[in-house]
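Undergrad: Next come a sequence and a model predicted from it.
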Amino acid sequence: MGPTPSMSEEGPLSRSSRDEPEDPVAEQGNALGERRPPAIPVTREYGPEGELAGRVEPGAIQAAGAGDTVPAGVRGEAGGATPGVMASTPGKGAEAPGLTIAGTGAALRRAGRALPRGAALGLAGVARLPLLVLAVAGLVLWFGLGLFPAFAGAVAVIRRAVNVARATVSRWCGVAVPVPYLPRPRLEQTERGWFWSGYDYHKRHWVARLSSRLRWLTGDPATWRDLAWLALDPALALAVALLPTALVAGGLSAWAYAGLRLAGEGSGLTAGLAVVIGVAAVVCGVSLAAPLLAAYGRLTAVLLRPVRRDSLAERVHQLTRTRADALAIQAAELRRIERDLHDGAQARIVAMRMTLAVLQPMIQRDPAAAEELAAELRESCARVLQELRDLVHGIHPPVLAERGLRDALRSLVLDLPLDATVDVDLPGRFEPAVEAAVYFTVSEALTNVVKHAGTRAVAVHLRYDDGVLRGSVVDEGQGGANLDAGTGLLGIQRRLAAFDGSLAVVSRPGGPTRVSLELPCVLSSPRTSSSSEMA
Amino acid sequence: MRVVLAEDLVLLRDGLTLLLRSYGFEIVAAVESGPELLKALLEHRPDVAVVDVRLPPSFTDEGLQAALAARRRLPGLPVLVLSQHVEQLYASELLADGAGGVGYLLKDRVGDAEEFIDAVRRVAAGGTAMDAQVISKLFARQRAGDPMETLTDREREVLEMMAAGRSNAAIAQKLYASEGTIGKHISNIFTKLNLPASTDDNRRVLAVLAYLERGRAA
């Protein structure tokens, strides 16, 4: 994996995106300043890989769960806009008031591009009419016969097609049209086997699944906006996108008519009129092509991009979920500490008190036995201290508090039977909670390597760039790791989600395993002199 | 013997003061923060310093940093570091200068007064006192096919004590064996691990620790 700074390259789940050499839409999206709050893009990054992503990061783009493709525009947005890209936006700002020949040439080239694009979009708009029929059929089957899955299937197909339209419009019309779909709620199972669909509990898995799908699809305004767009688009496409091409074609045929007229015995006046009309039509068509294409893009975007309310709703949804998760994790952590203290240290100290009670009268009577008991007490005392040490380590590792992530991770690998390379270069310290979340993520990943990978070689990597902390733990073991296989990484994933962070596992059977994390965060303090001394 | 003591918890500081005094040490300074410690170490140049890793004002590894800083200015200044937790990372930082006269123990060990005082004396004399936990962690990470595997159980036991910084006499006493037997074990160990033989306790410890550390770097 090359040392590329871009997020889509770095994101472990965006393998598909890596295969594409260039992504013009990404640039356009950036140039147009279409950005979401930084938190969302990070989670969205994991959309394109389908099912896994749906489970890994519920906050990630939902379309992925339904197998839809996420158009490149979203990736571009997520990648974080770089101001420098602005310059590469085609055409913008090229026309100075005094029109030069070069300017005219550029305008003509633009028109030349816009004409076929408009024509293609116009025809595509008409070609999508069957989808509308499909949607209506789905609705009829659902309401008439209760066949909800038919509607769900239709929506899945429609989303796919509309996403293609989004990508095309993004690329051709200079308007970024991100995917607006809400994240698909994840099914959760309680300890007693109930499934939580995100709205209700169900005993059966398929009922819960169906219910959650139904609510998700119908509750998402984007579903209905898609359908509205499908109905409006043919007319819009014909009137706006196809119009310039029609004008040019009309003009050309007027010329052809004039030619025929002149070749024959016709009157010169009609032919002249036809030529004039033809010229007017062609000029109109050529000069309107680019503006109308852009107008079509803007009109399309009105319906197809996420409305502000949607993205806020999505954000609220995500925050609600991660807040609940964070509190649940915290409560579970407190319960664990309580249990450990109760069953461990507390119980041992009670036992030690009892031993002391026995010991005291024994000192006079049987000094030898008393000596033995005292030794036992000392042993118990050492064990209590060790237990407390382990407990403290599990709450917040002392080295982490004392030295920060780099040394804590170095110290961590020293204690494991691994040959680990630790490549951590951070400009300073982060909030303790962030540091702990990252530490325990790496710790969990390394523990999994020790348990399952069947190799000693592992590489830990951690960097902080552009406000995002990115890390990976890579081993060349036997692979086949799965987020769902154990609860450990899932818990970690939820812990990271509370910081808008995300976790991804890529592990082919027999191949390398890569656990990566991304976490938007700010430095709480720059590197201190003492820690750089140590480095 | 003159001691500088650094510990921020009053209870423990008083306890340590009492303990050290009762064994005939003279406490020339008992401080409670990192900056004070560095100042006291440079000013008093004690025979040995007993230092808590975590000290105010930052409550990070300020004690350790102060001790390391003092040793950079006064090479070989004997320092015994106490901590609620032991880390191999800190141990190797303490040992890094190879000058000896370092100790690194869990605070619990203070509970065993005799052994603790023995460790203080050893460090003051330029020796090493490594906590058993550090050593056992080092032992735990040896690879398969390591020459360590050719050691007998007894030899491993001796190696552990040697790595912790104990002298032949102390090991012999602990294992109820004669010093001659221990000497034989030790020379066997050095042959098996292909280490340069040395009679100097401290150099011996460093060789062994370096060997154990190498196990993980390879």
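TA: Noted; the coordinates are in hand.

Undergrad: for chain B, what helix or strand is lowest in average pLDDT?
TA: When the helices and strands of chain B are compared on mean pLDDT, DSSP states H and E, helix B:201-217 comes out lowest with a mean of 68.

Undergrad: Residue A:256 - how many residues pack around it?
TA: 12 (other CB atoms under 10 Å in any protein chain shown). C-beta coordinates here come from the backbone N, C-alpha and C atoms, glycine included.

Undergrad: Which helix or which strand is home to it?
TA: helix A:243-263 (DSSP states H and E).

Undergrad: same for that helix, what does it pack against?
TA: With contacts defined as 3 or more CB pairs under 8 Å, 6 or more residues apart in numbering or on different chains; DSSP states H and E, the packing partners of helix A:243-263 are helix A:101-127, helix A:268-304.

Undergrad: contacting residues for residue A:255?
TA: Each residue near residue A:255 by CB atoms under 8 Å, 6 or more residues apart in numbering or on different chains is listed here: A:274-275, A:278.

Undergrad: Ok, residue B:56 next?
TA: Residue B:56 makes contact with B:8, B:32-34, B:62 under the criterion CB under 8 Å, 6+ apart.

Undergrad: Could you check the pLDDT of it?
TA: On pLDDT, residue B:56 comes in at 90.

Undergrad: what do you get for residue A:1?
TA: Note for residue A:1: predicted pLDDT of 38.

Undergrad: now the contacts of residue A:255 as JSON lines including distance to residue A:468 and pLDDT?
TA: Listed next are the contacts of residue A:255 as JSON lines, based on distance: CB to CB, whole Å; pLDDT from 0 to 100:
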{"residue": "A:274", "distance to residue A:468": "63", "pLDDT": "80"}
{"residue": "A:275", "distance to residue A:468": "62", "pLDDT": "81"}
{"residue": "A:278", "distance to residue A:468": "57", "pLDDT": "84"}
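
Undergrad: now for the helix or strand encompassing residue A:214, which elements pack on it?
TA: Per DSSP H and E, residue A:214 falls inside helix A:205-219. Under the contact criterion of 3+ CB pairs under 8 Å, 6+ apart, helix A:205-219 touches helix A:148-173, strand A:195-196, strand A:201-202.

Undergrad: how many neighbours does the closest residue to residue A:249 other than its chain neighbours have?
TA: Of all residues not flanking residue A:249 in the chain, residue A:285 sits nearest, at 7.9 Å (CB to CB, 6 or more residues apart in numbering or on different chains). Using other CB under 10 Å, residue A:285 has 23 neighbouring residues.

Undergrad: How about residue A:355?
TA: Residues near residue A:355, counting by other CB under 10 Å, number 15.

Undergrad: didn't it look like it was pressed against residue A:370?
TA: No. Using CB atoms under 8 Å, residue A:355 is not in contact with residue A:370, being 10.6 Å away.

Undergrad: any weak-confidence spans in chain A?
TA: Across chain A, the ranges flagged by pLDDT under 70 are A:1-102, A:188-194, A:196-201, A:265-267, A:308-310, A:484-487, A:526-535.

Undergrad: can you give me the strands in it?
TA: Per DSSP state E, chain A carries strands over the ranges A:188-189, A:195-196, A:201-202, A:419-425, A:428-430, A:457-465, A:468-475, A:502-507, A:513-520, A:523-526.

Undergrad: In contact with residue A:439, which residues?
TA: Residues near residue A:439 by CB under 8 Å, 6+ apart: A:397, A:400, A:405, A:408-409, A:412.

Undergrad: go on, residue B:103?
TA: B:78-81, B:119-120, B:122-123, B:128-130, B:165.

Undergrad: where does it fall, phi/psi-wise?
TA: Reported as degrees, to the nearest 10, the phi and psi values for residue B:103 are phi -140, psi 150.
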